[in-house]
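[1] Got a sequence here, can you build the structure:
(one chain, ligands or ions: 1)
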Amino acid sequence: MRKKIVAGNWKMNLDYNEGLALFSEIINMVKDEATGTQEAVICSPFIHIHSLVQLSKGYSKIAVGAQNAHQEEKGAYTGEISAKMIKSTGAAYVILGHSERRQYFGETNALLAKKTDTALKNDLRPIFCIGETLQEREANTHFDVIKTQLVEGIFHLDADAFAKLVIAYEPVWAIGTGVTATSAQAQEIHEFIRKEIAAKYGQEVADATTILYGGSCNPTNAAELFAQPDIDGGLIGGASLKSRDFTDIVKTFN
Ligand SMILES: O=C[C@H](O)COP(=O)(O)O
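    From the prediction side, this is the model:
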């Protein structure tokens, strides 16, 4: 049975005190909701991570992650944060390859392959994001784009390393736009991703891989999306900034 995950991505929102207050609310509301093979994850800005990890102690179904990590182990990279530093705070996850990182910071599949290696080496679980732009979907190249992101970003891993990944399908046209992929559109891509994983690593690995949907996911549309056979949860942006909305999405699995 693969793990179901609802992960919040706070992006560049919330100052330190606001973040701690929201996380405390989320813990109180989510602690009895995330059960069994389910996990709630908050990926906060770096400055919150250590404190959130402290607050989450004792709640085995609530984890904390970062939104990015550098590809090198350490060195003269002013302003950057390494995977080892993140791990040393007690964080479990790191988002890699979010479309905003690809778009605004020029992150390529080749760079993301290196970031993935470094994160795994430091025992962080990458939430590896893939997804096509509107232009790519309209040109009917979305399957090719996604396959290339998989092949160049993560298919160099051996099966043991690959098994530590979570994948997030986020169509760029659905992020922060209020336009959600229909459950059928999302399922079609998730099924495609799982088939590609099966072709590369075998059916057992594919069946065990958690694949999240992200893009304007909210308490109203989560149930239908998560009911699809290949959608194992969500990567939630805007709705993770409201404790009630985030909790309602987590509750969708119950
Ligand atoms: O990482 C989260 C995604 O970018 C989705 O963001 P959104 O839920 O605000 O559309």
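
[2] Which positions within stretch 108-124 qualify as buried?
    109, 111, 112, 113, 115, 116, 117, 118, 119, 120, 122, 124 (16 or more other Cβ atoms under 10 Å). In this view, the C-beta of every residue, glycine as well, is placed from N, C-alpha and C.

[3] Apart from its chain neighbours, what residue comes closest to residue 133?
    Excluding its sequence neighbours, the residue lying closest to residue 133 (Cβ to Cβ, 6 or more residues apart in numbering) is residue 172, at 4.5 Å.

[4] go on, residue 147?
    Nearest to residue 147 is residue 196, by Cβ to Cβ, 6+ apart, at 6.1 Å.

[5] For the strand or helix carrying residue 207, name the packing helices and strands.
    Counting by DSSP states H and E, the element that carries residue 207 is helix 203-208. If contacts are counted by 3 or more Cβ pairs under 8 Å, 6 or more residues apart in numbering; DSSP states H and E, helix 203-208 sits against helix 183-201.

[6] And the helix it packs on, what's buried?
    183, 186-190, 192-194, 196-197, 200-201.

[7] Same check on stretch 236-254?
    Quick answer for stretch 236-254 (16+ other Cβ under 10 Å): 236-243, 245-253.

[8] Please flag which of those residues sit within helices.
    243, 245, 246, 247, 248, 249, 250, 251 (DSSP state H).

[9] Tell me if I am right that residue 8 is in a strand.
    Yes - looking at residue 8 with DSSP: H, G, I helix; E, B strand; the rest coil, it is inside a strand.

[10] That one reaches residue 42, doesn't it?
    Yes - using Cβ atoms under 8 Å, residue 8 is in contact with residue 42, at 4.7 Å.

[11] Tell me the residues of the stretch 51-200 of the chain that contact the ligand?
    Contact residues (Cβ under 6 Å from any ligand atom) of the stretch 51-200 of the chain with the ligand: 98, 170, 175, 176.

[12] Provide the partner residues of the nearest residue to the first one once chain neighbours are set aside in its beta bridges.
    Just to be clear, that refers to residue 98. Nearest in space to residue 98, with sequence neighbours left out and distances taken as Cβ to Cβ, 6+ apart, is residue 129 at 4.7 Å. Counting by DSSP bridges, residue 129 forms beta bridges with residue 168.

[13] Show me what counts as buried in stretch 76-93.
    Those would be 81, 82, 83, 84, 85, 86, 87, 89, 91, 92, 93, for stretch 76-93 by 16+ other Cβ under 10 Å.

[14] Send me that stretch as PDB with only the CA atoms.
    Only the C-alpha atoms of stretch 76-93 are listed here, as PDB (Å, rounded to 0.1, in the frame of the first residue of the first chain):
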ATOM      1  CA  ALA A  76      31.300  29.200  -1.400                       C
ATOM      2  CA  TYR A  77      27.700  29.700  -2.500                       C
ATOM      3  CA  THR A  78      26.600  32.800  -0.700                       C
ATOM      4  CA  GLY A  79      23.000  32.700   0.300                       C
ATOM      5  CA  GLU A  80      22.400  29.100  -0.500                       C
ATOM      6  CA  ILE A  81      21.300  26.300   1.800                       C
ATOM      7  CA  SER A  82      22.600  22.700   1.600                       C
ATOM      8  CA  ALA A  83      20.700  19.400   1.900                       C
ATOM      9  CA  LYS A  84      22.900  18.500   4.900                       C
ATOM     10  CA  MET A  85      21.800  21.700   6.700                       C
ATOM     11  CA  ILE A  86      18.200  21.000   6.000                       C
ATOM     12  CA  LYS A  87      18.600  17.400   7.200                       C
ATOM     13  CA  SER A  88      20.300  18.600  10.400                       C
ATOM     14  CA  THR A  89      17.100  20.500  11.400                       C
ATOM     15  CA  GLY A  90      15.200  17.200  11.400                       C
ATOM     16  CA  ALA A  91      13.300  17.900   8.200                       C
ATOM     17  CA  ALA A  92      12.300  14.900   6.200                       C
ATOM     18  CA  TYR A  93      11.400  16.200   2.700                       C
END
